[in-house]
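Trainee: Below: sequence and its predicted model.
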Amino acid sequence: FDFNGKNVPRIILTDRRFDEIMSKIQGKPISVNTNLNILQDGLGHVFVEVMLDFSYEDIREEFLIHANKSLEFFEALAWNQLGIHSKPIILLNVEGYYDELYSFSLKACKEGFIPQSTLDDFYLISNVADAIECINEFKPRDKTQWFKRLKE
């Protein structure tokens with residue numbers, strides 16, 4: 001759907017499934033544990049598996065999002081990795097909103113899906129002033145040497 005002029009991915013539950021979940025949790029204090037996994041098929045297609053585990057009634061939902069078409073964040077990481085641009089990738093992390101995405105990115109780096117050199121250009125920042133400072137202090141990398149960064 002369109003949010004502030006950007007195409008944002010959405011996860012859609014059928015009316016029946018939504019009603020079923022709501023009948024179990026409505027009016028009850030719950031939390032939802034969100035797990036993300038990056039999957040790729042070796043042909044340039046990247047998918048994000050999203051798993052939602054509700055703290056009440058043993059409810060679990062799983063979704064698969066085609067990241068190549070859906071998530072600009074992953075596109076920015078890929079462009080940085082491939083030398084299409086050399087810019088900081090900044091997420092304004094208000095109240096820890098992106099903490100899990102950052103943890104997920106660290107895991108993806110550890111498992112070899114994202115090179116450390118790309119992750120080094122990913123910043124979680126809690127306020128606009130620090131984001132502007134990060135942009136001003138960022139030192140772009142040599143885009144012609146992108147293939148060497150894949151090994152870093």
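Mentor: Cool, the structure landed.
Trainee: can you give me the strands in this protein?
Mentor: 2-3, 6-7, 32-40, 46-54, 60-66, 89-92, 122-125 (DSSP state E).
Trainee: For the protein, give me the ranges with low pLDDT.
Mentor: 1-14, 65-72, 146-147, 149-152 (pLDDT under 70).
Trainee: contacting residues for residue 38?
Mentor: 46, 47, 48, 49, 67, 74, 104, 108, 113 (CB atoms under 8 Å, 6 or more residues apart in numbering). For glycine as for every other residue, the C-beta is placed from the backbone atoms N, C-alpha and C.
Trainee: Mind putting those residues into JSON lines with neighbour count and distance to residue 55?
Mentor: Formatted as JSON lines, the contacts of residue 38 follow (neighbours: other CB atoms under 10 Å; distance: CB to CB, whole Å):
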{"residue": "46", "neighbour count": "20", "distance to residue 55": "30"}
{"residue": "47", "neighbour count": "17", "distance to residue 55": "26"}
{"residue": "48", "neighbour count": "20", "distance to residue 55": "22"}
{"residue": "49", "neighbour count": "13", "distance to residue 55": "20"}
{"residue": "67", "neighbour count": "21", "distance to residue 55": "27"}
{"residue": "74", "neighbour count": "19", "distance to residue 55": "28"}
{"residue": "104", "neighbour count": "18", "distance to residue 55": "20"}
{"residue": "108", "neighbour count": "19", "distance to residue 55": "26"}
{"residue": "113", "neighbour count": "16", "distance to residue 55": "29"}
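Trainee: can you tell me which of those residues lies nearest to residue 93?
Mentor: Distances from residue 93 to these, taken as CB to CB, are shortest for residue 104 (13.6 Å).
Trainee: Without its sequence neighbours, what residue ends up closest to the closest one?
Mentor: residue 36 (4.5 Å; CB to CB, 6 or more residues apart in numbering).
Trainee: swap in residue 50?
Mentor: residue 63 (4.5 Å).
Trainee: need the contact list for the one you found.
Mentor: Applying CB under 8 Å, 6+ apart, the residues near residue 63 are 11, 49, 50, 51, 52.
Trainee: Nothing else from me, thank you.
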